[in-house]
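**Student:** Need a 3D model of the following:
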Amino acid sequence: MSEQKDETDIYDDKMWAEARNMPLPLTDEEKFDEDGYPTKAKEGYSCDECGTTDQNGFELDEDKGEVVCLSCGYLVEENLIDLSAPTRRFSSEDPSVDNAHYGAPISDLYADRGLPTTFNPMEAKPADRRKSFVLKRINQQTVTNKERNLAVALRDIERVVSRGSLPKSVHEEAVRVYRDAVDKQLIRGRSIEGMVAASLYTACRMVQVPRSLDEIADLTRTGRKEIARNYNTLKKHILRLKRMRPPSPEQYLDRYIGALSLSIKVRNRAAELMKECFQGGMNQGRNPIGIVAACIYIACVECSERRTQRQIARELEITEVTIRNRYKEAMAILEKK
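**Tutor:** Numbering: from 1, shown residues only. Next up is the predicted model:
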């Protein structure tokens, strides 16, 4: 007695019969040759829209993985994947030497510089799973206090940079400063939060991104005096920081002019006033933000763009008393000229 096939088996037989007569699609490996060039480009493209077969009439966009017909703009091929190995040669003398490398580059932004040692027992064979658990425990126990401190600090730096919308240059420089502090053993007896705040403040000054002590204190929730104390420690013991210039009030000017929605006329006049105040010695022992606030206020009065002392004080996060004191000192210098 012959076994009857159900409808599913009959459908599968028809499907496979049709599939035998159909050309198989190219695999990703077949789309590219050993040099990384599309094999179909060598065989020849043809446009289904306008019928163009001239191979000079097609453009290959390697970044997007697309082939476009130049005659009509039809997308002939898309989602081409280059499976060739990313190669980086460090010597042009011997092209036969393949110095290809894989993975992300080494980065100081991570405590392990982007080269972690990880053990996942669940991915191991059942026979080796127990051994993998032991290796994972040993790896966790061998982490030193220095490495643990660095991991916590770098996470805090990344969090503060993200919260304050600081540029990547500040992030990278802050990490380098903190690593230098760890190497010089300046972390002992000091809180991680305080040293992170001081590293960020130092980095802002080094890359010429104007941020005051009060702003860094608000971002890191650390006391202003603690940041200043740790900053002086960093500057004293790290050689490259000793050549760092003090912040210029002009670095703050453009930032606050934009925040107060003032014109370029006020900006230029405020810059002239600051230059005259510096020549009179007003910048010695003074908070630069107070000088900027006073010059902006004077420039607003002269250019008939009304901004009250309260508005300027609120935007620059200083007191109105500070503005009035710097205003009197600036006017005394300007009246002598």
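
**Student:** which residues of the chain fall in strands?
**Tutor:** Using DSSP state E, the strands assigned to the chain run over residues 58-61, 66-69, 75-77.

**Student:** what lines up beside the second one in the sheet?
**Tutor:** According to DSSP bridges, strand 66-69 forms sheet pairs with strand 58-61 (antiparallel), strand 75-77 (antiparallel).

**Student:** Now distance to Gly223 and mean pLDDT too, for those, in a markdown table please.
**Tutor:** (Each C-beta comes from the backbone N, C-alpha and C, glycine too.) Listed next are the strands paired with strand 66-69 as a markdown table, based on distance: least, CB to CB, whole Å; pLDDT from 0 to 100:
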| stretch | distance to Gly223 | mean pLDDT |
| --- | --- | --- |
| strand 58-61 | 55 | 74 |
| strand 75-77 | 60 | 73 |
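
**Student:** want to try TSV for the ones you listed, with distance to Glu193 and mean neighbour count as columns?
**Tutor:** Formatted as TSV, the strands paired with strand 66-69 follow (distance: least, CB to CB, whole Å; neighbours: other CB atoms under 10 Å):
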stretch	distance to Glu193	mean neighbour count
strand 58-61	48	15
strand 75-77	54	15
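
**Student:** residues touching the closest residue to Ile227 other than its chain neighbours, list them.
**Tutor:** Leaving aside its chain neighbours, Ile227 sits nearest to Ala197 (4.7 Å; criterion: CB to CB, 6 or more residues apart in numbering). Ala197 sits next to Val160, Ile216, Ala217, Leu219, Thr220, Thr222, Glu226, Ile227, Asn230 when contact means CB atoms under 8 Å, 6 or more residues apart in numbering.

**Student:** from memory the last one sits against Met195, does it?
**Tutor:** It refers to Asn230. Yes: using CB atoms under 8 Å as the test, Asn230 is close enough to Met195 to be in contact (5.6 Å).

**Student:** so how many other residues sit close to Leu154?
**Tutor:** Leu154 has 21 neighbours, counted by other CB atoms under 10 Å.

**Student:** Also Arg163?
**Tutor:** Using other CB under 10 Å, Arg163 is surrounded by 11 other residues.
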